[in-house]
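> heads up, no residue letters with this:
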């Protein structure tokens, strides 16, 4: 089962999150039939988004992350809530590009140069929105940069997705470690030293390490205290009713045009690829309600 742990360390000078997200990323791969590099890109952003989602306090708070670059993947979009539910999609799920110099899936080249947009909807009049340029487009470093510049929180983000030979997801997970404003110099330098020595997230997961183990590995002897554990899932909240509401909202003329075609229509949810079909009679009933 996928889950997220929250923790503090060094006498609450550090707060941290870690996740195992293999099932979430595999669900996304199956829903969108993504290529390996698209699975890795979407999987990393889903993994980071799930942890960032649970940082929010309100029950109805929503977080959206959009990485839009000039690469062939044509953008990655993820939405998360504060309860560990996350969903997402890529513009081009079939993207295939050569491996990078290290022989790894080249997520950076797939996404390309562009921007990371973070939107937090916390029930206020206007959602909070922030945009930063993409640095590496490898996802973890871009989220690290976002935290430092937009939230002024020094952070270390590690994310990883490992594919099997049959292109299913073998491992996925990550961590976010953040310094509190009152963190002492000694804590900061110790943490920097630890982070410089750790191997990749997927290496740790391949060794059988849990999210708790990963945080202890990252923070060494800085007294890690696990404060909370919660399940996390790939879950879409689309429904037939929501699609009907959306269709009812289009102009009478456009709806008439669709009806006059005389064919059943299909509407697909971007986030989970579920297809909803509507017969002409149903469309006519919607049109009547508009009058």
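Happy to help now that I have it. Fair warning: this is a prediction, and the values are worked out from it, not measured in the lab.
> make it CA atoms for all contacts and neighbour counts henceforth
Noted.
> For burial, what's the neighbour tally of residue 125?
Residue 125: 7 surrounding residues under other CA atoms under 10 Å.
> cool, and residue 219?
The local packing count at residue 219 equals 24, with neighbours defined by other CA under 10 Å.
> contacting residues around it?
9, 191, 194-195 (CA atoms under 8 Å, 6 or more residues apart in numbering).
> Could you tell me which of those count as buried?
For these, burial is judged from neighbour counts taken by 16 or more other CA atoms under 10 Å, and it is met by 9, 191, 195.
> Would you quantify the distance from the second one to residue 261?
In this view, residue 191 and residue 261 are 63 Å apart by CA to CA, to the nearest Å.
> so where does the residue nearest to residue 128 when sequence neighbours are not counted fall, helix or strand?
Spatially, and ignoring its direct neighbours in sequence, residue 128 is nearest to residue 120 (5.1 Å; CA to CA, 6 or more residues apart in numbering). Following DSSP states H and E, the helix or strand that holds residue 120 is strand 114-121.
> Please apply the same query to residue 162.
With DSSP H and E as criterion, residue 162 is part of strand 155-163.
> Which is the succeeding secondary structure element to that strand?
As the chain continues past strand 155-163, the following element, by DSSP H and E, is strand 169-179.
> what does that following strand contact?
Around strand 169-179, the neighbours that count as contacts under CA under 8 Å, 6+ apart are 13-22, 25-26, 43-44, 47-48, 51, 153-164, 188, 201-202, 205-206, 211, 214-215.
> Ok, stretch 55-67 next?
Against stretch 55-67 from outside (CA under 8 Å, 6+ apart): 45, 49, 52-53, 75-83, 111, 114-123, 134.
> repeat that for 6 Å
When contacts are taken as CA atoms under 6 Å, 6 or more residues apart in numbering, the neighbours of stretch 55-67 outside the stretch itself are 53, 75-82, 115-122.
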